[in-house]
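*Asks:* one predicted model, sequence on top.
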Amino acid sequence: MDAKEMIVYWYEKHWEAGFVKWWKGYETLALHDGFHEKRARSFEKALLNMNDFVGRLLQIKDGEAVILDAGCGVGGTSIYLGNKYPKAKFIGITISKKQVELARKFAKERNFNKNTEFYLMDYMKTSFPSNYFDGVFALESISYAPNKKEFVKEMHRILKPGGRLVIICPAIKKELNEFMKKIHLWYNIGRGNPCSFPVLKDLSEYLKEYFSNVVVRDISRNIVWSEVRSTLMAIPYVAIVLFKKLFSKNYQIWKDPHFYLAVAILTPIMAASRTAGYYAITADKQ
Ligand SMILES: C[S@@+](CC[C@H](N)C(=O)[O-])C[C@H]1O[C@@H](n2cnc3c(N)ncnc32)[C@H](O)[C@@H]1O
């Protein structure tokens, strides 16, 4: 399996096993962490609040903006914002065919298929013309970009002058020691993320090279409860995976959706080491 096939495999297996079961998949269509704050304390509200947060950062006015959702999952954020900003158009792209089908189906069921569109497309090399979008957001999707600088360059190309890029992602904030490198590798691969987290300093530099007004906000505290939830959820799966590994001769760990759930057990190690944080970044094209 190459990196792209692995990402697709992970998301397609994980939709039912993980997101529907443990992450309010059908209720929120969210494949991201919840953004907890005073007005959004419950898990479900926090998941939806992340969409509101993206809308606020994009500074969508009541106008006819065209917005790209780069790495759209099953369309949750675009469908939510499509409802909130009915005059704007949201175009979501993903490399998973199943996600495109689900996003179109969910948009239709919820009657937001008039101002949302979903396509199978790689965000590293899109087929959109230059200077096309008023805003672009990448919600927990840049980790999958094999080359972060090329990703930034492509987003810059398709944004109109005056347009805004919003990136929300986990990122590495300090040099990793050998142990943490291993933990990151397992965590990322186990989460279908063979390309891995951006390094915050490098990402900021790439953004500053192409954009102006680059603002980095550390929102790690707002997503802590989502991470606690995924860690607790992992405990029974660690036991299941160990059991299968010990007692099944032909067990293929990389093909087991339960393994992907078990890997969340590494979250507290990452959090305690303070090597990674969770950020909301905005940058404007001049
Ligand atoms: C963690 S999910 C986030 C989905 C969505 N933004 C959300 O918050 O619900 C990451 C998404 O990035 C997509 N993705 C990964 N690599 C991609 C690529 N090269 N081009 C487009 N989408 C990609 C995956 O298919 C998946 O939909």
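*Replies:* Cool, got the structure.

*Asks:* and the closest residue to residue 192 other than its chain neighbours, how far from residue 259?
*Replies:* Nearest residue to residue 192, sequence neighbours excluded (C-beta to C-beta, 6 or more residues apart in numbering): residue 10, at 2.4 Å. Where C-beta positions appear, they are placed from N, C-alpha and C, glycine not excepted. According to C-beta to C-beta, to the nearest Å, residue 10 stands 10 Å off from residue 259.

*Asks:* how about residue 244?
*Replies:* Using C-beta to C-beta, one obtains 9 Å as the distance from residue 244 to residue 259.

*Asks:* again with residue 215
*Replies:* Using C-beta to C-beta, which is the criterion applied here, residue 215 is 37 Å from residue 259.

*Asks:* which one's more surrounded, the two?
*Replies:* residue 259 (20 against 12; other C-beta atoms under 10 Å).

*Asks:* so how far is residue 120 from that one?
*Replies:* Taking C-beta to C-beta as the criterion, residue 259 is separated from residue 120 by 26 Å.

*Asks:* ditto for residue 254
*Replies:* When C-beta to C-beta is applied, the distance between residue 254 and residue 120 equals 24 Å.

*Asks:* residue 209 too?
*Replies:* Relative to residue 120, residue 209 is positioned 30 Å away (C-beta to C-beta).

*Asks:* restricting to C-alpha, output stretch 141-157 in PDB.
*Replies:* Written as PDB, here are the backbone C-alpha positions of stretch 141-157 (Å, rounded to 0.1, in the frame of the first residue of the first chain):
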ATOM      1  CA  SER A 141      -6.000  17.500   7.000                       C
ATOM      2  CA  ILE A 142      -2.600  19.000   6.400                       C
ATOM      3  CA  SER A 143      -0.900  16.200   8.300                       C
ATOM      4  CA  TYR A 144      -1.600  14.000   5.300                       C
ATOM      5  CA  ALA A 145       0.200  16.400   2.900                       C
ATOM      6  CA  PRO A 146       3.500  14.600   1.800                       C
ATOM      7  CA  ASN A 147       5.100  18.000   1.300                       C
ATOM      8  CA  LYS A 148       3.700  20.800   3.400                       C
ATOM      9  CA  LYS A 149       5.400  23.600   1.500                       C
ATOM     10  CA  GLU A 150       3.900  22.400  -1.800                       C
ATOM     11  CA  PHE A 151       0.500  22.300  -0.100                       C
ATOM     12  CA  VAL A 152       0.900  25.900   1.000                       C
ATOM     13  CA  LYS A 153       1.900  26.900  -2.500                       C
ATOM     14  CA  GLU A 154      -1.100  25.200  -4.100                       C
ATOM     15  CA  MET A 155      -3.500  26.800  -1.600                       C
ATOM     16  CA  HIS A 156      -1.900  30.200  -2.400                       C
ATOM     17  CA  ARG A 157      -2.400  29.600  -6.100                       C
END
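
*Asks:* distance from the chain centre to stretch 12-32, please.
*Replies:* Relative to its parent chain, stretch 12-32 has a centroid offset of 13 Å by C-alpha atoms, centre = their mean, to the nearest Å.

*Asks:* need the distance between the two termini of stretch 83-99.
*Replies:* Start-to-end span of stretch 83-99 (C-alpha to C-alpha, to the nearest Å) is 20 Å.

*Asks:* how many other residues sit next to residue 286?
*Replies:* Taking other C-beta under 10 Å as the criterion, the count of residues near residue 286 is 9.

*Asks:* how close does it get to the ligand?
*Replies:* Separation of residue 286 from the ligand (C-beta to the nearest ligand atom, to the nearest Å): 26 Å.

*Asks:* can you map out the helices along this protein?
*Replies:* 3-14, 21-22, 25-28, 43-58, 76-84, 97-109, 148-158, 178-190, 200-210, 224-247, 257-262, 267-273 (DSSP state H).

*Asks:* quickly compare those and say which is most buried.
*Replies:* Of all the helices of the chain, helix 76-84 has the most neighbours on average by mean count of other C-beta atoms under 10 Å, namely a mean of 24.

*Asks:* hmm, who's touching that helix?
*Replies:* Residues from elsewhere that reach helix 76-84 (C-beta atoms under 8 Å, 6 or more residues apart in numbering): 28-32, 48, 50-52, 54-55, 60, 67, 69, 72, 88, 90-92, 103, 106-107, 110, 112, 115-116, 118, 137, 139.
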